[in-house]
Structures are given as C-alpha cells and as structure tokens.
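Engineer: would you be able to build a 3D model of this:
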Amino acid sequence: MTSKSSSTVPIHGNYHGYYTKRPFIQDPRLRLLPQNLFQNARVLDLGCNEGWVTCEIAQTWGARRVIGVDIDETLVRAAWKRRRTVWSLRNSQAASMSTTGESELLDEEGVVDTEYFPASCEHMFGPLPIPPLEDSACEAASTTFPHNVSFQTADWVHQQISEDTEGYDVVVAFSISKWIHLNNGDEGLTRFFQRVHTVLKIGGVFVLEPQEWDTYAKARRMDPKLRENAKDLKLRPEDFERILQQMGFGRAEHLGKTGEGDLYRKVS
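Structural biologist: Predicted structure coming up:
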C-alpha cells in the first residue's frame with residue numbers, strides 16, 4: 001500500500017517546484033558532508049521531492065544504492081523523470097567550446113564524443129531512455145547511475161518499504177522534520193527518529209537538516225489540522241539532539257549552515 005497526497009496545499013512540505021528555490025545542480029548541503037560518506041553506501045533519502053539530491057548522491061557521490069521516498073505521488077513521478085534528465089545530460093557540464101563556437105564534448109584526445117546529448121535537445125525532444133541492464137553486467141551496472149537509484153511513494157513515518165529490510169548506511173532527511181512534527185505531533189516525530197535508528201546499520205549515519213522553530217508559525221497557518229496540532233507540541237528543534245542520543249545515536253556533529261533567507265539552515 002502506498003500513500004498518495006492529493007492536496008493542493010503542501011501540508012507535508014511537498015512543494016511542487018521546490019528546486020526553483022534551490023536551483024542547484026550541485027546541492028550545497030551535500031558539500032558540508034564528509035566526501036566519503038556515501039561511498040559504496042546504501043542511502044535512504046526521505047522527503048526526496050523531485051529527486052534532485054537523490055540523483056546527485058547516486059551519480060556523483062559513489063553510492064551503491066539510493067532510494068528516494070516522498071509522500072506525494074506527483075513528486076515521485078517527477079523524480080523518475082529527473083533521473084532520465086540527469087542521465088541524458090550526464091556529459092553536459094564537461095562540454096567545451098569548439099573552434100566554430102558551438103558546444104561540443106571532447107574526449108581526452110580531443111575527439112568529439114558522439115554520445116554527447118546537449119541540454120537543448122533534452123528541452124526540445126525530452127530525455128533519453130534509460131538503457132536496460134544487460135544480464136552479463138547486471139551486478140556491476142546495478143550499482144552505478146542510473147540503475148542504482150529508485151523512488152517510492154510512501155508515508156514513511158507510518159509505512160515500511162521493502163528496501164528497509166536490508167538497512168541503510170546513510171539516511172538523509174533534508175527539511176522535513178517540521179512537516180513530520182506538525183502533521184504527527186511530538187509522538188510522530190519521535191516515532192520517525194526511532195524508525196531511522198531501526199533501519200540504520202551499525203555505524204550508520206543520520207543526516208538531518210531541521211527547520212527552526214520560528215518557521216513553524218507560517219507553516220501551521222496552511223491548514224486547520226496543522227494549526228490544531230501545533231498547539232500541543234512540546235518538543236522544539238533544540239531538543240532533537242537530546243532525543244536522538246537517548247535513542248542510541250551518538251553525539252551530533254554540526255557540519256555548518258547553508259542556504260539563503262528562510263532556507264539558511266544547519267546540517268547535522
């Protein structure tokens with residue numbers, strides 16, 4: 001059973017067009033993390049939205065397997081499309097200018113790469129299809145982009161997904177704690193943290209970007225349910241570290257802040 005969020009009001013933080021606010025091909029939050037954190041890791045990206053961060057972890061950070069989960073089925077469909085777009089444009093950033101002034105991709109010997117797919121083609125004709133896995137290369141190819149990333153629709157606070165049974169080396173939760181808190185109360189947020197602890201392998205890492213308490217005021221005005229739930233909240237973001245340690249997590253490592261305006265937040 002999967003969860004579908006059909007409300008036009010993003011009461012779960014399921015903003016459509018979220019990455020127009022964070023228009024980064026390379027997300028600066030990931031650059032706060034240790035460079036080898038995702039190397040050969042199984043990663044769960046919770047609240048993946050349109051999959052930009054999920055695809056970046058899978059493509060450029062050496063992850064063996066990445067699963068993106070979001071409560072909004074429309075966003076999950078957009079994430080699958082994002083996967084195809086990133087695959088299509090995988091060589092675009094390496095393009096150099098030819099002597100005619102047209103953008104081309106050159107290999108190490110200066111020969112034009114005929115597999116180069118310009119961004120203009122993606123805009124005009126759509127993304128390239130994902131190549132199927134060959135049986136002979138299935139094991140190796142399945143751990144490299146684009147075959148090492150997938151997406152699921154689920155209310156992960158309350159629903160398990162099949163991938164949970166294998167556990168994860170890293171769980172990423174960027175900008176979702178406030179929405180879990182407002183929708184599910186103190187008990188639901190505690191349940192979320194406990195679920196993360198349960199699915200992490202021994203020595204695993206939980207990457208959390210919590211929203212500050214003062215941002216709750218605007219969010220709770222979105223919906224009567226959120227407004228009512230907010231009245232009963234006793235926990236505050238500054239309590240999260242204590243709660244996580246009581247559950248068995250190690251001491252938090254504060255890696256810094258990034259973003260602008262309301263999106264300037266710390267990552268731990």
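
Engineer: drop to CA atoms for contacts and neighbour counts, all remaining ones
Structural biologist: OK.

Engineer: show the backbone phi and psi for Gly203.
Structural biologist: phi 80, psi 0 (degrees, to the nearest 10).

Engineer: what sits against it?
Structural biologist: Asp169 (CA atoms under 8 Å, 6 or more residues apart in numbering).

Engineer: per-residue confidence for it?
Structural biologist: At Gly203, the pLDDT value in this model is 96.

Engineer: distance of Leu244 relative to Leu208?
Structural biologist: In this structure, Leu244 and Leu208 are 11 Å apart, going by CA to CA, to the nearest Å.

Engineer: do a quick rundown of the strands in the stretch 101-250 of the chain.
Structural biologist: 103-104, 149-153, 168-174, 200-209 (DSSP state E, counting those that start in this stretch).

Engineer: what segments of the stretch 151-268 of the chain are helices?
Structural biologist: 177-199, 216-220, 224-231, 240-247 (DSSP state H, counting those that start in this stretch).

Engineer: switch these over to CSV; also include distance to Arg64 and mean pLDDT.
Structural biologist: Listed next are those as CSV, based on distance: least, CA to CA, whole Å; pLDDT from 0 to 100:
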stretch, distance to Arg64, mean pLDDT
helix 177-199, 17, 98
helix 216-220, 36, 97
helix 224-231, 37, 98
helix 240-247, 27, 97
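
Engineer: which among these is found nearest to Phe38?
Structural biologist: Judged by CA to CA, the one of the helices of the stretch 151-268 of the chain that comes nearest to Phe38 is helix 177-199, at 16.2 Å.

Engineer: CA-only coordinates of the closest one in CSV, if you can.
Structural biologist: Output of helix 177-199 as CSV, limited to C-alpha atoms (Å, rounded to 0.1, in the frame of the first residue of the first chain):
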residue,chain,number,x,y,z
SER,A,177,11.3,17.4,10.4
LYS,A,178,9.0,20.4,10.7
TRP,A,179,6.4,18.8,8.5
ILE,A,180,6.5,15.4,10.2
HIS,A,181,6.3,17.3,13.5
LEU,A,182,3.3,19.4,12.5
ASN,A,183,1.4,16.5,10.9
ASN,A,184,2.1,13.8,13.5
GLY,A,185,2.8,15.7,16.7
ASP,A,186,5.6,15.0,19.2
GLU,A,187,4.8,11.3,19.2
GLY,A,188,5.0,11.1,15.4
LEU,A,189,8.3,12.9,15.3
THR,A,190,9.7,10.6,18.0
ARG,A,191,8.4,7.6,16.0
PHE,A,192,10.2,9.0,12.9
PHE,A,193,13.5,9.3,14.7
GLN,A,194,13.1,5.8,16.2
ARG,A,195,12.4,4.3,12.7
VAL,A,196,15.5,5.9,11.4
HIS,A,197,17.5,4.4,14.2
THR,A,198,16.0,1.0,13.4
VAL,A,199,16.8,0.9,9.7
